[in-house]
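# Next one to model:
(one chain, ligands or ions: 1)
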Amino acid sequence: MSATLSGTKVFMNFEVTPTSHTLADYRARGGYATLEKVLKEMQPEQVTKEVAGSGLLGHGGAAFPAGRKWGVIKLNDGQPHYLCMNADEGEPGTFKDRWLLEHTPHLLLEGMLMGAYALQGRHTFVYIRGEFDLPYRRLAEALEEAYAAGLFGENIMGTGFSCDLVIYRGAGSYVCGEASAMLTSLEGKKGYPRNRPPRLTVAGLYQKPTVVNNVETIANIPYIVRHGAEAFKKIGTPKSPGTSLISVSGHINTPGVYEVEYGYPFADFLAKECGGMLGGKALKCVVPGGISTKVLTADDIMPITYDHNAFLEAGSQVGSQGMIVVAEGTCMVKLMQVMMRFYHHESCGQCTPCREGMGWLEKISNRIVAGRGAPSDIERLYQISNANDGTTICGLGDAAGYAVSGILDKYRHEFDYYIEHGKSMFDGQLEVML
Ligand SMILES: Cc1cc2nc3c(=O)[nH]c(=O)nc-3n(C[C@H](O)[C@H](O)[C@H](O)COP(=O)(O)O)c2cc1C
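Next up, the predicted model:
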């Protein structure tokens, strides 16, 4: 598959300068020119058709086809329709949306306007992670510029289409990145996830038809509309069209955010973009798409390409595109403890298996790390993980379970050793801490 790659960049196709985030620079790159064409020459259904035809998959973690989600909205049902951009980016290891918000906020605003037009939405929202400072300021400044230029508000470009956008800052909750919790929080309530059905496209924000899309999903829209679905499908692989931003951290020389075409060999990514392993250490494993995805060992990941199918076949997912690279010598028991502390802290407490289960997963991890683990603890970790699978309103508990079973399936011997000896098999060897 890699032979067909052309190295196309959808997002990182301009030089980042002190002004590249401004309206003037975005316009100089051709920004908003396609919007005018959309509003003046295209029917809303045509925009959705183009997005559906492109095969664009959501970049928020679940890889749901964007066009299929948009297609559910019935345009002439007499109800308001809402489009919400999910900029919560709370998944550990994930910081790729931040790049888009900081460096090309107008691309996101243009994508939101095209989406709003396709869905015939008068009001749109961005829910942005509370801890984001520069990304928020950049987006807010861009929105101000766009309003001043008549790109938002009433009768945009004299086309009769009107649209407003509200930026809402979160308050530091991971679960508020889950689409339904996000909408509940937007409504001013405690950010609890909601049971489905009804789907959000039927009863979302204020119980009206709503589309929630990730920042990077929205960022793809102007490219697709400008170049057409067929051109977009030529990038990447047939089942994972387009490119992906990857935020990569951990034991590598050059952590950061990189854009790759789907189908890019992981070994090349590690050697080139990541600059190789820190201190020349051997690769142990990769947490491939935020900690909610199953760990892939070096043997699993080194031969495969970066795309949805390859990762699924290897037993994991591309997920939130936040990769954590782990070097040999790292203790997986301690790694799991860090993950469980996070999930316990972030469980909203609404569902019993998650509220109780996350606490127990952390307690058991702490006990093992303190040298007081029992052999039965491993079975208990599996049981608690399985008890969450499909029994909770949102995916937080399931995801913690995947993290646990993913690590235990591959590195059980490290847990057995820790429990038997009361210490890590890597004690004294850890040079790079997580
Ligand atoms: C606990 C939890 C946290 C999530 N956090 C985010 C997030 O920070 N950003 C995001 O885009 N999606 C997040 N999601 C996924 C969203 O629910 C939703 O699937 C996504 O925003 C849809 O956008 P897309 O179809 O464009 O991928 C999260 C899901 C769960 C279960």
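
# Can you give me the neighbour number for Glu313?
If you count neighbours by other CB atoms under 10 Å, Glu313 ends up with 11. Using the backbone N, CA and C atoms, a C-beta is placed for each residue, glycine as well.

# State the phi and psi torsions of the closest residue to Gln120 other than its chain neighbours.
In space, Gln120 comes closest to Leu75 once its chain neighbours are excluded; the distance is 5.1 Å by CB to CB, 6 or more residues apart in numbering. Taking degrees, to the nearest 10, you get phi -70, psi -30 for the backbone angles of Leu75.

# One more: Cys285?
Here is the backbone geometry of Cys285 (degrees, to the nearest 10): phi -160, psi 170.

# From the ligand, how far off is it?
According to CB to the nearest ligand atom, to the nearest Å, Cys285 stands 23 Å off from the ligand.

# contacting residues for the residue nearest to Gln120?
Leu75 makes contacts with 44-45, 81, 119-120, as judged by CB atoms under 8 Å, 6 or more residues apart in numbering.

# cutoff 10 Å now
43-45, 48, 81, 118-120, 209 (CB atoms under 10 Å, 6 or more residues apart in numbering).

# Glu91 too?
Contacts of Glu91 (CB under 10 Å, 6+ apart): 60-61, 174, 177, 247, 289-293, 319-322, 342, 399.

# near the ligand, which of these show up?
Restricting the contacts of Glu91 to those touching the ligand (CB under 6 Å from any ligand atom) yields 60-61, 174, 177.

# Including distance to Tyr192, could the residues you listed go into JSON lines?
As requested, these are exported to JSON lines (distance: CB to CB, whole Å):
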{"residue": "Gly60", "distance to Tyr192": "19"}
{"residue": "Gly61", "distance to Tyr192": "19"}
{"residue": "Tyr174", "distance to Tyr192": "13"}
{"residue": "Gly177", "distance to Tyr192": "13"}
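
# can you pull out the strands in the stretch 1-150 of the chain?
For the stretch 1-150 of the chain, applying DSSP state E, counting those that start in this stretch gives strands covering 82-87, 123-128.

# Identify whichever of those lies nearest to the ligand.
strand 82-87 (3.6 Å; CB to the nearest ligand atom).

# Is the closest one positioned near the ligand?
Yes. Applying CB under 6 Å from any ligand atom, one finds strand 82-87 in contact with the ligand at Asn86.

# and that strand, which strands flank it?
Pairing partners of strand 82-87, with direction, according to DSSP bridges: strand 123-128 (parallel), strand 210-214 (parallel).

# ok, now which ones touch the residue in the stretch 151-300 of the chain that the ligand sits nearest to?
For the stretch 151-300 of the chain, the residue closest to the ligand is Gly177, as judged by CB to the nearest ligand atom, at 2.3 Å. Residues in contact with Gly177 (CB under 10 Å, 6+ apart) are 60-61, 86-91, 94, 127, 129, 170, 185, 191, 214, 320, 346, 394, 396.

# could you redo the last one with a cut-off of 8 Å?
Taking CB under 8 Å, 6+ apart, one finds 86, 88-91, 129 in contact with Gly177.

# which among these end up buried?
86, 88-91, 129 (16 or more other CB atoms under 10 Å).

# From the residues you listed, pick the one nearest Asp164.
Asn86 (18.4 Å; CB to CB).

# Wait, the closest one touches Val215, no?
Yes. Under the criterion of CB atoms under 8 Å, Asn86 makes contact with Val215 at 6.8 Å.

# one step back: if you rank the ones next to the ligand among the contacts of Glu91 by neighbours, which is first?
Going by other CB under 10 Å, Gly177 tops the ones next to the ligand among the contacts of Glu91 with 27 neighbours.

# shouldn't Gln386 be in contact with Gly401?
That one is not Gln; residue 386 is Asn. Yes. Counting by CB under 8 Å, Asn386 does reach Gly401; the two are 6.7 Å apart.

# More neighbours: these two, which one.
A direct count of neighbours by other CB under 10 Å for Asn386 and Gly401 places Gly401 higher, at 28 against 15.

# Would you agree that one is in contact with Asn388?
Yes. Using CB under 8 Å, Gly401 is in contact with Asn388, at 4.7 Å.

# quick one: buried residues of the longest helix along the chain?
Counting residues, the longest helix in the chain under DSSP state H turns out to be helix 396-421. For helix 396-421, burial by neighbour count (16+ other CB under 10 Å) applies to 396-408, 410-411, 414-415, 417-419.

# and this structure, which of its residues are near the ligand?
Taking CB under 6 Å from any ligand atom as the contact definition, the chain meets the ligand at 58-62, 64, 66, 86, 88-91, 174-175, 177-179, 212-214, 217, 394-396.

# Please parse this structure into its domains.
Per the record, the chain has its domains at 2-233, 243-327, 332-421, by automatic domain parsing.

# Helix, strand or coil: sort out Tyr168 for me.
strand (DSSP: H, G, I helix; E, B strand; the rest coil).

# OK, contacts around Ala116?
Ala116 neighbours (CB under 8 Å, 6+ apart): 83, 122, 124, 163.

# quick one: contacts for the second one?
Applying CB under 8 Å, 6+ apart, one finds that Arg122 lies in contact with 80, 116, 162-164.

# switch the cut-off to 7 Å
Shown in contact with Arg122 (CB atoms under 7 Å, 6 or more residues apart in numbering): 80, 162-163.

# Could I get the phi/psi values of it?
Main-chain torsions, Arg122, degrees, to the nearest 10: phi -90, psi -30.

# and the buried ones among the contacts of Gly177 as JSON lines, adding pLDDT and distance to Arg226?
JSON lines is the format used below for the buried ones among the contacts of Gly177 (pLDDT from 0 to 100; distance: CB to CB, whole Å):
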{"residue": "Asn86", "pLDDT": "98", "distance to Arg226": "23"}
{"residue": "Asp88", "pLDDT": "98", "distance to Arg226": "27"}
{"residue": "Glu89", "pLDDT": "98", "distance to Arg226": "26"}
{"residue": "Gly90", "pLDDT": "96", "distance to Arg226": "31"}
{"residue": "Glu91", "pLDDT": "96", "distance to Arg226": "30"}
{"residue": "Arg129", "pLDDT": "97", "distance to Arg226": "28"}
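
# now these as a markdown table including distance to Thr22?
Below are the buried ones among the contacts of Gly177 laid out as a markdown table (distance: CB to CB, whole Å):
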| residue | distance to Thr22 |
| --- | --- |
| Asn86 | 25 |
| Asp88 | 25 |
| Glu89 | 23 |
| Gly90 | 28 |
| Glu91 | 29 |
| Arg129 | 23 |
